[in-house]
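In: Curious how this folds, go ahead:
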Amino acid sequence: QVQLVESGGGLVQAGGSLRLSCAASGNIFTINVMGWYRQAPGKERELVATMTSAGSSKYADSVKGRFTISRDNAKNTAYLQMNSLKPEDTAVYYCNTDSLDLGFSQHTNWGQGTQVTVSS
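Out: Numbering: from 1, shown residues only. Model (predicted):
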């Protein structure tokens with residue numbers, strides 16, 4: 001079992017910045033992919049950004065150039081630096097991991113979510 005603890009959400013004005021963190025713990029051998037998804041009211045959950053253990057990243061078109069994902073593999077922690085925030089970035093942000101446990105079984109894990117609200 002893997003536990004994901006997110007932090008860093010909050011209320012910010014348009015144009016502002018926030019940094020989200022996601023710390024993974026538990027039965028972890030390695031985390032192949034760490035990522036962030038978001039879900040706005042009335043909308044489906046969507047990918048925001050992901051990063052592999054080798055450092056390869058992928059971003060949604062809507063956040064390219066504004067958001068940056070990073071990770072500290074030694075700490076099993078991922079970060080999402082969000083700059084130039086827009087009201088349409090308002091959503092619950094979820095951390096996601098694709099990991100192998102100590103028995104080499106694969107797991108997909110979700111955090112509890114952290115609210116990001118951007119006021120206009």
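In: wait, Tyr89 sits on Met82?
Out: No, residue 89 isn't Tyr; it's Asp. Yes: using C-beta atoms under 8 Å, Asp89 is in contact with Met82, at 6.9 Å. Glycine gets a C-beta too; all of them are placed from N, C-alpha and C.
In: who's more crowded, the two?
Out: Met82 (26 against 22; other C-beta atoms under 10 Å).
In: Quick check: neighbours shared by Asp89 and Met82?
Out: By C-beta atoms under 8 Å, 6 or more residues apart in numbering, Asp89 and Met82 have these common neighbours: Val63, Val116.
In: Sort out which residues of whichever strand or helix holds Thr97 are buried, please.
Out: Per DSSP states H and E, Thr97 falls inside strand 91-100. Neighbour-count burial for strand 91-100 flags Ala91, Val92, Tyr93, Tyr94, Cys95, Asn96, Thr97, Asp98, Ser99 (criterion: 16 or more other C-beta atoms under 10 Å).
In: Ok, stretch 102-111 next?
Out: Asn109, Gly111.
In: Likewise for stretch 30-44?
Out: Going by neighbour count (16+ other C-beta under 10 Å), the buried part of stretch 30-44 is Ile31, Val33, Met34, Gly35, Trp36, Tyr37, Arg38.
In: Can you name the residues in contact with it?
Out: With C-beta under 8 Å, 6+ apart, stretch 30-44 has contacts from 20, 22, 24, 45-53, 69, 71, 73, 76, 78, 80, 88-100, 113, 116.
In: Right, I'll call it a day here.
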